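A.B. asks: only geometry, no sequence info:
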């Protein structure tokens, strides 16, 4: 029994369905009288809350070796949020070109090697976090990188 007119269910879980009803109780001396159930209310809470953007994005130009061409290596801090499914990497080129997603599927580790760079071009990178519910964060702080000629 709740003495106020409000109730907050603090133990619900996203993705489950709940049915709620309300009864009022009136106390008359030592007797109490309960009303009939209110109309039933069906609630299916959905997680629509995006995670926080990833932090500490770093871009490092890795010179060519006999085994691999020159490329840009990106890394960032692991998200402390418990429901992260993975990360997306976005790149744009100088001149205001729209950003493009580089990874075909979610990245699990906080590292990415951009092997599609071109010598002499400037790039800007951002990374987003994606929750298990599919909510994507705002982009991280943008980080520039320039491939040498």
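C.D. replies: Structure received. Computed from a prediction, not measured in an experiment: that's the story for all the values here.
A.B. asks: Identify each of the strands in this protein and give its residue range.
C.D. replies: Counting by DSSP state E, the chain forms strands over residues 18-20, 25-28, 31-34, 41-43, 58-62, 71-75, 84-93, 100-101, 111-114, 122-131, 143-146, given from the N-terminal end onward.
A.B. asks: ranking the ones you listed by mean pLDDT, which is last?
C.D. replies: Comparing mean pLDDT over those, the weakest stretch is strand 25-28, at a mean of 84.
A.B. asks: How far off centre is it?
C.D. replies: From the chain centre to the centre of strand 25-28 is a distance of 48 Å (C-alpha atoms, centre = their mean, to the nearest Å).
A.B. asks: now stretch 116-133
C.D. replies: Its chain's C-alpha centre and that of stretch 116-133 lie 16 Å apart, by C-alpha atoms, centre = their mean.
A.B. asks: hmm, back to that, if we compare the strands of the chain, which one ends up closest to residue 50?
C.D. replies: Comparing these by their distance to residue 50 (C-beta to C-beta), the top pick is strand 122-131, with 6.9 Å. Just so you know, the C-beta spots here come from the backbone N, C-alpha and C atoms, and that holds for glycine as well.
A.B. asks: Now do the buried residues in stretch 44-52.
C.D. replies: Buried positions in stretch 44-52, judged by neighbour count with 16 or more other C-beta atoms under 10 Å: 50-51.
A.B. asks: Having no further points to raise, I will conclude here.
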